[in-house]
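J.: whatever this is, show me its structure:
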Amino acid sequence: MNGVLYAIAAGIGFGFFQTMNRKAGQDIDPLRGTLSLLVVSAIILAVIAMATTDLNILWSAPPGAILAFVIAGFIHFFVGWTLISISQNQIGAARTGAVVGTMPLFGLVIDLVIYRETFSLPALLGVFLVVAGVYIVSYR
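T.: Below is the predicted model of the structure:
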C-alpha cells in the first residue's frame, strides 16, 4: 500500500510543479528558468547529501560512470525540463502533463528496441491503460 501512497504523492507533486512551473515560465526565459531550478536543486541536494551520507565512495567511482551520470543528467534535466517549460508556455500545463503521461509508451518502445526486453501481459496492459487514460483526458 505504501507504493500507492507514494504514487499519489508523486502525482500531486508533479501536478503542483507543472502548475507552478507554468506560472513562473510566463515571466522568465525557459533556459534561464531551468538553469535556476537546477542550481537551487543541486545546492539543496548537495547539502542534504553531505549531512546524511558518507561521500567518500564518490572518489572510488569509475570516471566512465561519472561521465555517464553527467550526460544523463544533462539530457534529462537541462534538455528535458527546458523543453517541458517551452511546451507549457505554448500549450499549457495540463496538455503538457498529458503528453508527459505517455512516457511509459516511449519507455516500452525504447526497451524493446535497445534492450530487447520482453514484457508480461500485465505490464503491457498497464502501459495501455495509462496511454488510454491520457488520450481520454486530453481528447476534445
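J.: give me the neighbour count for Val127.
T.: Per other Cβ atoms under 10 Å, the neighbour tally for Val127 reads 19. To be clear about C-beta, it is placed using only N, CA and C from the backbone, and glycine gets the same treatment.
J.: make that Thr102, sorry
T.: By other Cβ under 10 Å, the residues close to Thr102 number 16.
J.: tell me the spacing between it and Gly15.
T.: The spacing between Thr102 and Gly15, counted by Cβ to Cβ, to the nearest Å, is 16 Å.
J.: same deal with Gln26?
T.: Counting by Cβ to Cβ, the gap from Gln26 to Gly15 is 18 Å.
J.: got any ranges where the protein has weak pLDDT?
T.: 1, 21-22, 24-25, 140 (pLDDT under 70).
J.: where do the strands of it begin and end?
T.: Per DSSP state E, the chain carries no strands over any range.
J.: circling back to that earlier point, who has more neighbours, Gln26 and Gly15?
T.: Gly15 (13 against 8).
J.: test my guess that the more buried one contacts Gly97.
T.: Yes. Using Cβ atoms under 8 Å, Gly15 is in contact with Gly97, at 6.8 Å.
J.: domains of this protein?
T.: 2-91, 101-140 (automatic domain parsing).
J.: quick one: end-to-end distance for the first one.
T.: This points to domain 2-91. Terminal residues of domain 2-91 lie 34 Å apart, using Cα to Cα, to the nearest Å.
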